[in-house]
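A.B. asks: fold the following.
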Amino acid sequence: MKKKLEGTNVTPAEIHYILRIYVDNGNITQRDLSETFSVSEPVVARTLKNLENKGFVIRTKDPNIEQPRLIEGEDS
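C.D. replies: Residues are numbered from 1 along each chain as shown. Take a look at the predicted model:
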């Protein structure tokens, strides 16, 4: 993970998201992150989109729930 962060433009807020996602081993939703960080779901969605574009997370649909997405850390 440290190597991935070197030379990136990851913000301090994004680092908090990355750590929370890795701690929860991919068993966290956007709603969970919204509640954890006391921010709106659109703020979480925008941050996750940035992290996904940077290759740090993968968002997948939860087949059991209509809206929330499961978030996983990208290990490659």
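A.B. asks: pLDDT value on the spatially most central residue of the chain, please?
C.D. replies: In the chain, the centroid-proximal residue (C-alpha atoms, centre = their mean) is Leu48; its distance is 4.7 Å. Leu48 is assigned 92 on the pLDDT scale.
A.B. asks: repeat that for Asn25.
C.D. replies: 80.
A.B. asks: for it, phi and psi?
C.D. replies: phi 50, psi 40 (degrees, to the nearest 10).
A.B. asks: re earlier: so the residue nearest to the centre of the chain lies in a helix, does it not?
C.D. replies: Yes - according to DSSP: H, G, I helix; E, B strand; the rest coil, Leu48 belongs to a helix.
A.B. asks: distance check, it against Pro12.
C.D. replies: 16 Å (C-beta to C-beta, to the nearest Å). Every C-beta, even on glycine, is put in place using the N, C-alpha and C of the backbone.
A.B. asks: can you give me every residue that contacts the residue nearest to the centre of the chain?
C.D. replies: Residues near Leu48 by C-beta atoms under 8 Å, 6 or more residues apart in numbering: 17, 30, 33, 57, 59, 71.
A.B. asks: now, which of the residues you listed sits nearest Asp24?
C.D. replies: Ile71 (8.1 Å; C-beta to C-beta).
A.B. asks: need the pLDDT of that closest one.
C.D. replies: Looking at Ile71, the pLDDT reads 66.
A.B. asks: buried residues in stretch 48-67?
C.D. replies: For stretch 48-67, a neighbour-count test (16 or more other C-beta atoms under 10 Å) marks 48, 50-51, 56-58 as buried.
A.B. asks: A strand includes Arg59, no?
C.D. replies: Yes - if the criterion is three-state DSSP, then Arg59 is within a strand.
A.B. asks: and for Val39, the neighbour number?
C.D. replies: 14 (other C-beta atoms under 10 Å).
A.B. asks: before we move on, what SS does it have?
C.D. replies: Applying three-state DSSP: Val39 is coil.
A.B. asks: and it, how far from Gly55?
C.D. replies: With C-beta to C-beta as the criterion, Val39 and Gly55 are 23 Å apart.
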